[in-house]
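**Student:** could you look at this predicted model? Sequence included:
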Amino acid sequence: MLKDITIGQYYPAFSVIHAMDPRVKFLMMIGFIVVIFLAWNIAALGLVLVFCLAVLFLSRVPVKVYLKSLKPIIPIIIFTAVLNALYIDGEVLWKWWIIEITKEGLLRSGYVALRIIMLILITSVLTYTTTPTQLTDAIERVFSPLNRLKIDVHVFAMIMTIALRFIPTLIEETEKIMNAQKSRGADLETGSLLQRVRALLPILIPLLFSAFHRAFELADAMECRCYHGGKGRTRLKQLKCAGRDYAAIGIFLPVCAGIICASVLIPIF
Amino acid sequence: MAAVIELEHVTFSYGEEAEDQGFIEDLSLSVEEGSFVAVLGHNGSGKSTIAKLLSGLKLPQKGRVFVCGIDTSDEERELEAKKNIGMVFQTPDNQIVATIVEEDVAFGPENLGVEPSEIRRRVDEALAAVGMEEYKDHAPNKLSGGQKQRVAIAGVLAMQPRCMVLDEPTAMLDPRGRGEVMKTILRLREQYGMTIVLITHYMNEAAMADRVVVMDDGRVAADGTPREIFSQVQKLKQLGLDVPQPTELIDQLKQAGIDLPDGILTVDECVQAVTRAFMEE
Amino acid sequence: MTILETKKLRHIYGEGTPFEQAALTEVDFTVESGTVVGIIGHSGSGKSTLVQHFNGLLKPTGGEVLLKGKSIWDEPKKIREVRFQVGLVFQYPEYQLFDETVEKDIAFGPKNMGLDENEIARRVAHAADVVGLSERLLKRSPFDLSGGEKRRAALAGVIAMESDVLILDEPTAGLDPRGRDSILDRLLRFQRESGTTMLIVSHSMEDMARVADKIMVLDHGRIALYDETGAVFSRAAELKALGLDVPQITGVFHGLRKNGLPVEENVYTVAKGRDTLLPLFRERGQGTC
């Protein structure tokens, strides 16, 4: 069912990671993604993996939940891994017809798979431990220097908040409209491609209409609550760096340095 | 007592083609501080247009609208006027902005530039006033209609307005949600002495007010205490309003010549009146 | 004759997941052809889940739904046929309007049934007449209509399918008294003339009292009461325990009886109330004849 899609999913728990300043988390995630791509050998990747697992453990989000976030990516992981295994030249381990599996290929596909997995895991840590509002807040503030370039960062953050707020509402509405049209005999499952696209109109048109209607009403409600852009606005939740954030940075930076050193100093294989 | 809301010879229409959306013609009305006024009328009678005018979302084409002495067409004082009048609308979903209940309640004060510690205090107080404090960390889309409306009321309350205007806040709710919202409104009145304008087409809700204004064709068709208004059963029916069943029963019996009192609204009053009339003989 | 029947109908949302939730448990229910059945119960009692089983939008977790004695899931591929025989109007159906004109929108259902042009035209005209939409409005875009007119147009879209059973989920929700009375009256007249079996979900006991022959009370996914309207409303205490009310007029008569007046308890319309009380008063020499 459409309802099963969860966007910006947040897993409530009390952990150090949950309590961290979202700006720090956001920046560290970006840093970590860069580092993942800089790790070129077993030693460096091993360090990345250890750090990643440590963060997962600290987040107090059950392993099962993380595995769920990996599930939809499995085909992509397998696909890229197989591709890498087949196309890298080197010491041949196994050969059949034109298919060759090399030692280098196997290693490379292992690296690639590991990288993708860690990429997903580390972004999941961010979304599981940070509420969507905290995240938009963090993004708004991290990018606030762009205001000097006359880019209104607040507007984008507001748009993102409203989108996150209304996605579940619109998903629910889509389901309602689909049921109503199905009750009038709409056939969404059979027919040619063109027929199926046409069959979507009775769903898309009301959905669009309702979305606009909601937008107008919401705009009125926001105006009545004195919304007048980002100027002079204060926030209920202040973002503050605390001891744990400095500690996290203190651990994170040497780990990154270590990974990069390992990657550069130790030969590839 | 001073008038919080004042409409002076106000005329407004959405244009000739959109007359069914309601219009207002030469309407004068004032609402005193601390009073609870219900505005009744069928759809298109102009009752919701009053809400749009009070909120400053629409400006009168003729006449003037004052909120706490501020002319709503005065652009310089627009925020001040909006801050003083809290609006709650019909559709619960379309007035909640944030993804977390307490952050939504904070939205108004944030816009007004209130200090964070003060916002915290106001949010907690507002959520307690509507009985939603235990839901402060919840996502609004998981709440029931009645709960969403209470969050919307809290969001308005946190701006500390002097007056609250509710435009058919219960029309889309089930009986339980309707009860929750009405109880909340009554509590606000008791706790804060808040001036309340309730626009509705439910007569039993209007019966809780101290004054009822009935709208028809963009004008005031009747204005008085609930009892005065609800004793005119035939007129109300003509105006397309719902008459509570006990009131209707008494009216029909009276028309058949039975001597019964005027202005009966509730089941209990009806039972008492009929029993008394019956026992008199 | 029984037209619609459920046998040990069960529905569980999200079966096999940690969010598993039973919505219906062992619902046994029969509807006689040509009657009006009211379904009441507060939010979350399973009303919406139940009605979506009748036209196959939801598939039972256990048990059966029988239409004219035949299980609707006997041939899953023919479930659309079932939807043509059991029309369903959702709550706030306005959002289903989509076509260029009201006329075309009403024709959407009949068109899906594969009817010929003439028959479609006849049905559209008839359905528009039933709900009271004028010729002029039929040519307009559904998005230009007023709230009450949109509701009528949406109702007409399902009525035009001329199904044997018509299910209405809160057909008058959000309307003002005038709109509500007009739609209820028209639906009732249509029911009398066509003999369509009708199931109406509503929160308003007063509306139920006006239209329903029988009333079913749902509570936590089970049938708590299912009986003639008068019989259900005479069990005020049980209804109260389920968090439901009786019509106000019924409440008045319960009160009067308690006060020792010689009246029946199963009064549920104002007209019946007046007709009960007037003779009593006249016996005592009050009122004009």
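**Tutor:** Perfect, thanks for sending it.

**Student:** show me which residues of the stretch 51-200 of chain A are close to chain B?
**Tutor:** Contacts of the stretch 51-200 of chain A with chain B, taken as C-beta under 8 Å from any C-beta of the partner chain, map to A:131-133, A:161-162, A:164-165, A:168-169, A:172. Yep, even glycine has a C-beta here, placed from its N, CA and C like the rest.

**Student:** would you write a ChimeraX line that selects the buried entries of these?
**Tutor:** The ChimeraX command for the buried members of those (criterion: 16 or more other C-beta atoms under 10 Å in any protein chain shown) is given here:
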select /A:131,132,133,161,162,164,165,168,169
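
**Student:** the residues of the stretch 51-200 of chain A next to chain B in helices, which ones?
**Tutor:** A:132-133, A:161-162, A:164-165, A:168-169, A:172 (DSSP state H).

**Student:** identify the farthest-apart pair in those residues.
**Tutor:** Pairwise distances across those (C-beta to C-beta) peak at 20.3 Å, for the pair A:Thr133 and A:Glu172.

**Student:** B:Lys183 in helix, strand or coil?
**Tutor:** helix (DSSP: H, G, I helix; E, B strand; the rest coil).

**Student:** what pLDDT is listed against it?
**Tutor:** pLDDT, B:Lys183: 95.

**Student:** same deal with the one 4 residues further on?
**Tutor:** We have a pLDDT of 93 for B:Arg187.

**Student:** and the gap between the most centrally placed residue in chain B and B:Pro226?
**Tutor:** Centroid-nearest residue in chain B, with C-alpha atoms, centre = their mean: B:Leu198, separated by 1.1 Å. To B:Pro226, B:Leu198 is 12 Å away according to C-beta to C-beta, to the nearest Å.

**Student:** kindly report the same for A:Leu70.
**Tutor:** Distance from A:Leu70 to B:Pro226, by C-beta to C-beta: 63 Å.

**Student:** more neighbours: the two, which one.
**Tutor:** B:Pro226 (19 against 14; other C-beta atoms under 10 Å in any protein chain shown).

**Student:** residues in contact with the more buried one?
**Tutor:** B:38, B:206-210, B:212, B:263, B:265 (C-beta atoms under 8 Å, 6 or more residues apart in numbering or on different chains).

**Student:** equivalent analysis for A:Ala85, please.
**Tutor:** A:101-102, A:105-106, A:108-109.

**Student:** please name the nearest non-neighbouring residue to the spatially most central residue of chain C.
**Tutor:** What sits nearest the mean C-alpha location of chain C, by C-alpha atoms, centre = their mean, is C:Ile200, with 1.0 Å. Sequence neighbours aside, C:Leu168 is the residue nearest to C:Ile200 in space, at 4.9 Å (criterion: C-beta to C-beta, 6 or more residues apart in numbering or on different chains).

**Student:** element containing the one you found?
**Tutor:** strand C:165-169 (DSSP states H and E).

**Student:** partner strands of that strand and their direction?
**Tutor:** strand C:86-89 (parallel), strand C:197-201 (parallel) (DSSP bridges).

**Student:** dump the residues of the stretch 51-200 of chain A next to chain B into JSON lines; add pLDDT as well.
**Tutor:** As requested, these are arranged in JSON lines below (pLDDT from 0 to 100):
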{"residue": "A:Thr131", "pLDDT": "81"}
{"residue": "A:Pro132", "pLDDT": "79"}
{"residue": "A:Thr133", "pLDDT": "78"}
{"residue": "A:Thr161", "pLDDT": "86"}
{"residue": "A:Ile162", "pLDDT": "90"}
{"residue": "A:Leu164", "pLDDT": "84"}
{"residue": "A:Arg165", "pLDDT": "87"}
{"residue": "A:Pro168", "pLDDT": "86"}
{"residue": "A:Thr169", "pLDDT": "90"}
{"residue": "A:Glu172", "pLDDT": "90"}
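
**Student:** helix or strand: which one has the residue nearest to B:Val271 when sequence neighbours are not counted?
**Tutor:** Spatially, and ignoring its direct neighbours in sequence, B:Val271 is nearest to C:Gly255 (3.4 Å; C-beta to C-beta, 6+ apart). Assigned by DSSP H and E, C:Gly255 belongs to helix C:248-258.

**Student:** B:Leu265 too?
**Tutor:** With DSSP H and E as criterion, B:Leu265 is part of no helix or strand.

**Student:** contacting residues for it?
**Tutor:** Counted by C-beta under 8 Å, 6+ apart, B:Leu265 has contacts B:203-204, B:207, B:226-227, B:230, B:244, B:246-247.

**Student:** about what we covered before: do I have it right that the residue nearest to C:Ile200 meets C:Leu199?
**Tutor:** Yes. Using C-beta atoms under 8 Å, C:Leu168 is in contact with C:Leu199, at 7.2 Å.

**Student:** contacts for the helix holding C:Gly255 next, please.
**Tutor:** By C-beta under 8 Å, 6+ apart, helix C:248-258 touches B:244-246, B:249, B:267-268, B:270-271, B:274-275, C:205-206, C:209, C:233-234, C:236, C:245-246, C:263-270, C:272-273, C:276.

**Student:** which of those count as buried?
**Tutor:** B:244-246, B:249, B:267, B:270-271, B:274-275, C:205-206, C:209, C:233-234, C:236, C:245-246, C:263, C:265-270, C:272-273, C:276.

**Student:** spell out which residues of the stretch 51-200 of chain C are next to chain B.
**Tutor:** Counting by C-beta under 8 Å from any C-beta, the stretch 51-200 of chain C sits next to chain B at C:92, C:146-148, C:173-179.

**Student:** what about the strands in chain C?
**Tutor:** C:2-13, C:21-32, C:36-40, C:62-67, C:70-71, C:86-89, C:165-169, C:197-201, C:214-219, C:222-228 (DSSP state E).

**Student:** what's the most buried one of these?
**Tutor:** The highest mean neighbour count among the strands of chain C, using mean count of other C-beta atoms under 10 Å in any protein chain shown, belongs to strand C:86-89: a mean of 26.

**Student:** rewinding a little: show me the contacts for the residue nearest to the centre of chain C.
**Tutor:** Per C-beta under 8 Å, 6+ apart, neighbours of C:Ile200: C:36-39, C:167-168, C:171, C:207-208, C:211-212.

**Student:** tabulate those (JSON lines), appending pLDDT and distance to C:Arg284.
**Tutor:** Compiled in JSON lines, the contacts of C:Ile200 are given as follows (pLDDT from 0 to 100; distance: C-beta to C-beta, whole Å):
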{"residue": "C:Val36", "pLDDT": "97", "distance to C:Arg284": "37"}
{"residue": "C:Val37", "pLDDT": "97", "distance to C:Arg284": "40"}
{"residue": "C:Gly38", "pLDDT": "96", "distance to C:Arg284": "36"}
{"residue": "C:Ile39", "pLDDT": "96", "distance to C:Arg284": "41"}
{"residue": "C:Ile167", "pLDDT": "97", "distance to C:Arg284": "47"}
{"residue": "C:Leu168", "pLDDT": "97", "distance to C:Arg284": "44"}
{"residue": "C:Pro171", "pLDDT": "94", "distance to C:Arg284": "42"}
{"residue": "C:Asp207", "pLDDT": "89", "distance to C:Arg284": "34"}
{"residue": "C:Met208", "pLDDT": "90", "distance to C:Arg284": "33"}
{"residue": "C:Val211", "pLDDT": "92", "distance to C:Arg284": "34"}
{"residue": "C:Ala212", "pLDDT": "94", "distance to C:Arg284": "34"}
